[in-house]
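Visitor: Dropping the sequence and predicted coords here.
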Amino acid sequence: MRKAFPKDHYYIFENKVYDLKDWVHIHPGGSMWFINSYGRDLTSLILSYHTNPALIRQIMEKYETKIPVGDVLHVGFNVPPFILPPDFDATRDMIRFDWSKKDTMLD
C-alpha cells in the first residue's frame, strides 16, 4: 500500500484512519478547520469539542478506512517547520493519551 499524503483528507481518530473528504463540506462547524489538520490525530480535539462521543463514532464509521495509522500520520503535524524542533517526528514524539484509563486528569 502506498503512503497516504495530507492532500488525501485522511484524519486519525481513536487509532483508526478516516477519509473525510465527503464530510468536511457538511461539517456543522464549517470546513475551514480541516484544511490544516490533514494527517493529524484528532482524538483529543474531537472528544473535547463534541458532547456526544457515541454519535461522533457512529458518524465516523461511514468514513473509516483500512489504512494503517503510520501511513497517514503527518510527521510534522502539517504545521510550519519553524514551530517544531528540526528532528520532530509525530510517529515517534507525539504524546498518546490512553482513553481507556479512568483515573486520568480528564475524568
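Guide: Cool, the structure landed.
Visitor: Enumerate every residue touching Pro53.
Guide: Pro53 is in contact with Ile46, Leu47, counting by Cβ atoms under 8 Å, 6 or more residues apart in numbering. Just so you know, the C-beta spots here come from the backbone N, C-alpha and C atoms, and that holds for glycine as well.
Visitor: Distance check, it against Lys16.
Guide: Per Cβ to Cβ, to the nearest Å, Pro53 is found 14 Å from Lys16.
Visitor: For Ser37, see how far away the residue nearest to Gly76 when sequence neighbours are not counted is.
Guide: Once flanking residues are discounted, Gly76 sits nearest to Leu84: 6.1 Å by Cβ to Cβ, 6 or more residues apart in numbering. Distance of Leu84 to Ser37, computed by Cβ to Cβ: 15 Å.
Visitor: who has more neighbours, the two?
Guide: Each of Leu84 and Ser37 has its neighbours counted (other Cβ atoms under 10 Å); Ser37 has more, 19 against 15.
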